[in-house]
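Engineer: Got a sequence here, can you model it:
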Amino acid sequence: VVLALHRTVDGSASAAAEGFLLGTYSFTSHKSDPKPSKVQTISVLGGSEEEVERGTVLAEATMLARDLINEPPGHLTPTALARKAQEVGDVGGLDVTVLDADQLTDRGFGGIVGVGHGSDEPYCLIQMRYTPEDPKGKVALVGKGVTFDSGGLSLKDGRNMMDMKTDMSGAAAVLGAMSALPRLAPGVEVVAYIPTVENLPSGHSIRPGDVITHYGGRTSEVLNTDAEGRLILADAIAYASEEKPQAIIDVATLTGAMVVALGLKVFGAFATDDALM
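Structural biologist: Below you'll find the predicted structure:
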């Protein structure tokens, strides 16, 4: 494919590169007969190398997020997600720290522990840090990482459970964003927090009516164990707040009510600052 661009439109080369790469995306990791894209090369005429590189970086970050979201839940467990974060950190020179189940219990992360305790899969909190020279500020990203959500004891029905491998899409978006930072090189420090669990029913699951104590001491009464996302995010946001960032951006597939209100093509957003929104 060869594409000629008008030179007068800023960013067109970046948008074209990103659009072509995302347009040819497909998830074939588990197909017995994968059919790769027939497009082998894309030549962009009329754009700078820097613009094409930027579009490529953005597309690769998005495709990483898509790959993680598409992975079957038996493959992408919390442990596997933490391993992927470490791989991204090693490639990009990011600092990655993983708090395991014992550390989270000892330090009072009651939301993550409470939700994750129902599964045999270990839960954890992933922290990733991008630090440029002389940063002009600090931003925190928080991504919901429920790698599979059955609803817990407040069990979903089969239809609403079918796509719940995607309940870690917020974590995937944050991980994808962090993968792009070393190449985009923004002048602010960015710290990511990804609480990751499976929400499953068992004899160890939290019960409707339980009271849990979050990181920092705030308590929550659990009335529905299928409202698990806010429980793990509360811990992560409280933890992120300790570094006093200028902004905290929280990304989550949090509630079906948003889909009822806005449908499947539009996302909902809330902010305490109009300029940030």
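Engineer: Now do the same contact list for residue 120.
Structural biologist: Contacts for residue 120 (C-beta atoms under 8 Å, 6 or more residues apart in numbering) come out as residue 202. For the C-beta atoms, the positions are set from N, CA and C on the backbone; glycine is no exception.
Engineer: At the geometric centre of this structure, which residue do we find?
Structural biologist: The chain has residue 171 as the residue nearest its centroid, 1.7 Å off, counting by C-alpha atoms, centre = their mean.
Engineer: Quick check: it touching residue 196?
Structural biologist: Yes: assessed by C-beta atoms under 8 Å, residue 171 is found in contact with residue 196 at 6.1 Å.
Engineer: Need the overlap of contacts for the two.
Structural biologist: Here residue 171 and residue 196 have 81, 126, 145 as joint contacts, going by C-beta under 8 Å, 6+ apart.
Engineer: Now for those, which sits with the most neighbours around it?
Structural biologist: Within the shared contacts of residue 171 and residue 196, residue 145 tops the neighbour count with 35 neighbours, counted by other C-beta atoms under 10 Å.
Engineer: so that residue bridges to which residues?
Structural biologist: On the basis of DSSP bridges, residue 145 is bridged to residue 196.
Engineer: give the contact list for it.
Structural biologist: 78, 81, 126, 168, 170, 171, 194, 195, 196, 197, 232.
Engineer: Show the model's pLDDT score for the closest residue to residue 37 other than its chain neighbours.
Structural biologist: Spatial nearest neighbour of residue 37, excluding adjacent residues (C-beta to C-beta, 6 or more residues apart in numbering): residue 24 at 4.1 Å. Looking at residue 24, its pLDDT reads 90.
Engineer: Renumber starting at 801 from here on
Structural biologist: Shifting the count to begin at 801 puts that one at residue 824.
Engineer: what does the helix or strand bottoming out on mean pLDDT in the chain contact?
Structural biologist: Every helix and strand of the chain was ranked by mean pLDDT, DSSP states H and E. The lowest is strand 802-804, at a mean of 79. By C-beta under 8 Å, 6+ apart, the residues outside strand 802-804 that reach it are 816, 820, 842, 843, 844, 845, 846.
Engineer: any chance you could map the helices in the stretch 951-1077 of the chain?
Structural biologist: Counting by DSSP state H, counting those that start in this stretch, the segments of the stretch 951-1077 of the chain that form helices are 958-961, 969-984, 1029-1041, 1056-1062.
Engineer: where are the low-confidence patches of this protein?
Structural biologist: For the chain, residues meeting the criterion pLDDT under 70 lie at 807-808.
Engineer: Which stretches in it count as strands?
Structural biologist: For the chain, strands defined by DSSP state E occupy the ranges 802-804, 843-845, 895-899, 924-930, 938-943, 945-949, 989-999, 1011-1013, 1019-1021, 1047-1051.
Engineer: Now the last one: buried residues?
Structural biologist: Right, strand 1047-1051. If you call a residue buried by 16 or more other C-beta atoms under 10 Å, then strand 1047-1051 has these buried ones: 1048, 1049, 1050, 1051.
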